[in-house]
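Prediction below, plus the sequence it came from.
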Amino acid sequence: MTDQIPVRIIETVDPGRPIRLTPAQLGGPIHTRTFTGLFRNLRLLGAGALFVLFFGTAWLDWNGRQAVLWDLGRRQFHVFGATFWPQDFILLSALLIIAAFGLFFVTVLAGRVWCGYACPQSTWTWVFMWAEKVTEGDRLQRIKLDAAPWTLHKLLRRGAKHALWLAVSLATALAFVGYFTPIRELVRELFTLQLGLQTGFWLFFFTAATYVNAGWLREQVCLHMCPYSRFQSVMFDADTLVVSYDAARGESRGPRRRDSDPRAQGLGDCIDCTMCVQVCPTGIDIRDGLQLDCISCGACVDACDSVMDRMGYARGLVRYTSERTLQGGRTRLLRPRLVGYAAMLALMVGTFAWALQARPLVSLDVTRDRTLFRENSAGQIENMYSLKVINKTQQPREYRLALTDGPFELHGPSRLALAPGEIADVPLSVALVDEGAPASRRDLGFVVSDRADPASRVVTASTFVAPATR
Ligand code: SF4
Ligand code: SF4
């Protein structure tokens, strides 16, 4: 019915059922077979969305500037009209923590679906596999080509594959580096051979990284380099959805005629066609049970379902299910750990959204001059300060500088006009106007407020030093 995977019989425990080494165990390149099905379509949808997001966003403009750009030189991160500064990077850390929690939640619910459907490593690997199929043919043709001696035909096909891989890698690197260097300039510099050394290095680095990771390393990254694959299994519980082979239904496996009665032959529903193994991107046999190498991509589910259709059997011999269901129970979706993660996630997302909108769009740093104090011409005690004010918006702003209530008087500019993203250093002095009780050190606060939006106001605390007695 189907071509078989390369077989090496190592032992026979049951006459008629040789133990086969899987492509992963054989150690050579894994040539996956083409297949169709629901989960393949879902993956195409996920990969398509990821590609549009990744390549499209780099070229998008917003209010006359690139919509998403990490301006490393000026240490600013622009995202759709908002500018983030190093002081805001706590928000970025919070976002990463939320993403990690989101991943935990999804893993407890549905195992490694992130790996199979949305991880860039798997997504780019699928694209590279497609390039392989377009240039070298389907699985059997590729296996034959591997074994064939070097001829012009082989050279041309291999060359076309690597050229396509490199083209995808270069496009990926351009889009990635384009998030750090304005992408239009980058492309122009590349095609006019005017790339700077540093930009050229990063472009080369990310092209090579994509080419090696998606072209050569592939599942090895998932198995040996990705930390997530190491710890995700500890998050699984008996209700986590994983891709499983229903051994109770499938065994004993074995070939049979389509119109025969398998039960009369003592057979289960698995016809041992190895289609599930041939489509697996990590080269494992799902019938061996849940394995660390399984990225939950559902390829074997699609492959087996199409075999079941052809045999006239019910679908789902290989399916997304939980250990509890396979043991005759019912999968519990609402369970304490999952609810806990969901509640935590909702709380974190809410807090993040609040922090984002409450983020001050002006920043004020105050440095007191090292001189302790001095007496001015009016006989008042004065301290010197240097204010650093940053307009964190993408519009010109006018600010008011003032002090919080206290026995002080500000001597210096009280208004400040700043261009978008401008940083101003403002030297000024503060005089003590009412000495009150003797004290050598007093607290005071500097205030900067947006004249057009007084609610946008930042207060920074400092100290004032005076002689204890006069
Ligand atoms: S066993 Fe199935 S779900 Fe797991 S990686 Fe292989 S094809 Fe994907
Ligand atoms: S599980 Fe399905 S696809 Fe895999 S060998 Fe058995 S019948 Fe074929």
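Looks like it arrived, so ask away. Ligands and ions are numbered 1, 2, ... in the order given.

which regions of the stretch 301-450 of the chain sit below the pLDDT cut-off?
Scanning the stretch 301-450 of the chain for pLDDT under 70 picks out 435, 437-439.

ok, 90 please
The model of the stretch 301-450 of the chain has pLDDT under 90 over residues 326-328, 333-335, 337, 357-361, 370-380, 392-395, 405-406, 420-421, 433-442.

in it, which spans are helices?
Counting by DSSP state H, counting those that start in this stretch, residue ranges of the helices within the stretch 301-450 of the chain are 323-326, 336-358.

closest to ligand 2 out of these?
Closest to ligand 2 of the helices of the stretch 301-450 of the chain is helix 323-326 (CB to the nearest ligand atom; 14.2 Å). In short, each C-beta sits where N, CA and C put it, glycine included.

Keeping just the C-alphas, turn that closest one into PDB.
Listed next in PDB are the C-alpha coordinates belonging to helix 323-326 (Å, rounded to 0.1, in the frame of the first residue of the first chain):
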ATOM      1  CA  GLU A 323      -3.500   9.600  29.400                       C
ATOM      2  CA  ARG A 324      -6.700   9.500  31.500                       C
ATOM      3  CA  THR A 325      -8.900   9.000  28.500                       C
ATOM      4  CA  LEU A 326      -6.700   6.300  27.100                       C
END
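
Quick one: mean pLDDT over the longest helix seen in the chain.
The helix that spans the most residues within the chain, counting by DSSP state H, is helix 152-177. Helix 152-177 carries an average pLDDT of 97.

Return the list of helices and strands in contact with whichever helix or strand comes after that helix.
The helix or strand immediately downstream of helix 152-177 is helix 183-191, counting by DSSP states H and E. Packing contacts for helix 183-191, counted by 3 or more CB pairs under 8 Å, 6 or more residues apart in numbering; DSSP states H and E, involve helix 152-177, helix 197-210.

Okay, buried residues for helix 183-191 please.
183, 186, 189-190 (16 or more other CB atoms under 10 Å).

how distant is it from the center of its chain?
25 Å (CA atoms, centre = their mean, to the nearest Å).

ranges for the strands of the stretch 301-450 of the chain?
For the stretch 301-450 of the chain, the strands defined by DSSP state E, counting those that start in this stretch cover 318-321, 362-368, 374-375, 381-391, 397-403, 408-411, 415-418, 423-432, 441-450.

roughly how far out does the third one sit from the chain middle?
In terms of CA atoms, centre = their mean, the centre of strand 374-375 is found 57 Å from the chain centre.

Kindly report the same for the last one.
Its chain's average C-alpha position is 41 Å from that of strand 441-450, according to CA atoms, centre = their mean.

relative to strand 397-403, how tilted is it?
Inter-element angle recorded for strand 441-450 and strand 397-403: 160 degrees (by axes from the mean of the first three to the mean of the last three CA atoms, to 10 degrees).

And the contacts of the next helix or strand after strand 441-450?
Using DSSP H and E, the next helix or strand after strand 441-450 towards the C-terminus is strand 457-465. Residues from elsewhere that reach strand 457-465 (CB atoms under 8 Å, 6 or more residues apart in numbering): 360, 362-366, 368, 372-373, 383, 385, 404, 408, 430, 432, 440-450.

just checking, residue 395 touches residue 420?
Yes - look at residue 395 against residue 420 with CB atoms under 8 Å: they come within range, at 5.8 Å.

Can you give me the separation between residue 132 and residue 302?
19 Å (CB to CB, to the nearest Å).

do residue 134 as well
In terms of CB to CB, residue 134 sits 20 Å off from residue 302.

Show me which residues of the chain sit near ligand 2.
245, 250, 253, 270-276, 287, 303-304, 307, 317-318 (CB under 6 Å from any ligand atom).

who wins for neighbours among the residues you listed?
When neighbours are counted by other CB atoms under 10 Å, residue 304 leads these with 30 neighbours.

Residue 275 is in contact with that residue, correct?
Yes - with contact defined as CB under 8 Å, residue 304 counts as touching residue 275 (6.6 Å).

so what's the closest residue to residue 69 other than its chain neighbours up against?
Once flanking residues are discounted, residue 69 sits nearest to residue 78: 4.7 Å by CB to CB, 6 or more residues apart in numbering. Residues near residue 78 by CB under 8 Å, 6+ apart: 65-71, 84, 394.

got a list of what the residue in the stretch 101-250 of the chain that ligand 1 sits nearest to touches?
The stretch 101-250 of the chain approaches ligand 1 most closely through residue 243 (3.9 Å), counting by CB to the nearest ligand atom. Contacts of residue 243 were listed using CB under 8 Å, 6+ apart, and they are 111, 286, 294, 296-298, 300-301, 318-320.

need these in JSON lines with distance to ligand 1, can you?
JSON lines is the format used below for the contacts of residue 243 (distance: CB to the nearest ligand atom, whole Å):
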{"residue": "111", "distance to ligand 1": "9"}
{"residue": "286", "distance to ligand 1": "4"}
{"residue": "294", "distance to ligand 1": "3"}
{"residue": "296", "distance to ligand 1": "5"}
{"residue": "297", "distance to ligand 1": "4"}
{"residue": "298", "distance to ligand 1": "5"}
{"residue": "300", "distance to ligand 1": "3"}
{"residue": "301", "distance to ligand 1": "7"}
{"residue": "318", "distance to ligand 1": "7"}
{"residue": "319", "distance to ligand 1": "10"}
{"residue": "320", "distance to ligand 1": "9"}
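
What about these, which one has the most neighbours?
residue 300 (28 neighbours).

Quick one: list the elements packing against the strand or helix carrying that residue.
Here residue 300, judged by DSSP H and E, is contained in helix 299-311. Applying 3+ CB pairs under 8 Å, 6+ apart, one finds that helix 299-311 makes contact with helix 38-51, helix 275-278, strand 318-321.

Quick one: list the elements packing against the second one.
Applying 3+ CB pairs under 8 Å, 6+ apart, one finds that helix 275-278 makes contact with helix 299-311.

List, one by one, the residues from the chain near ligand 1.
243, 279-282, 284, 286, 294-300.

Show me these that map onto helices.
In this view, the residues of the chain next to ligand 1 that belong to helices under DSSP H are 299-300.

Can you add pLDDT and give the residues of the chain next to ligand 1 back as a markdown table?
Compiled in a markdown table, the residues of the chain next to ligand 1 are given as follows (pLDDT from 0 to 100):
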| residue | pLDDT |
| --- | --- |
| 243 | 95 |
| 279 | 95 |
| 280 | 94 |
| 281 | 92 |
| 282 | 90 |
| 284 | 92 |
| 286 | 95 |
| 294 | 92 |
| 295 | 92 |
| 296 | 93 |
| 297 | 94 |
| 298 | 95 |
| 299 | 96 |
| 300 | 97 |
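
my guess is residue 257 is in a helix, correct?
No - using DSSP: H, G, I helix; E, B strand; the rest coil, the secondary structure at residue 257 is coil, not a helix.

All set, thanks.
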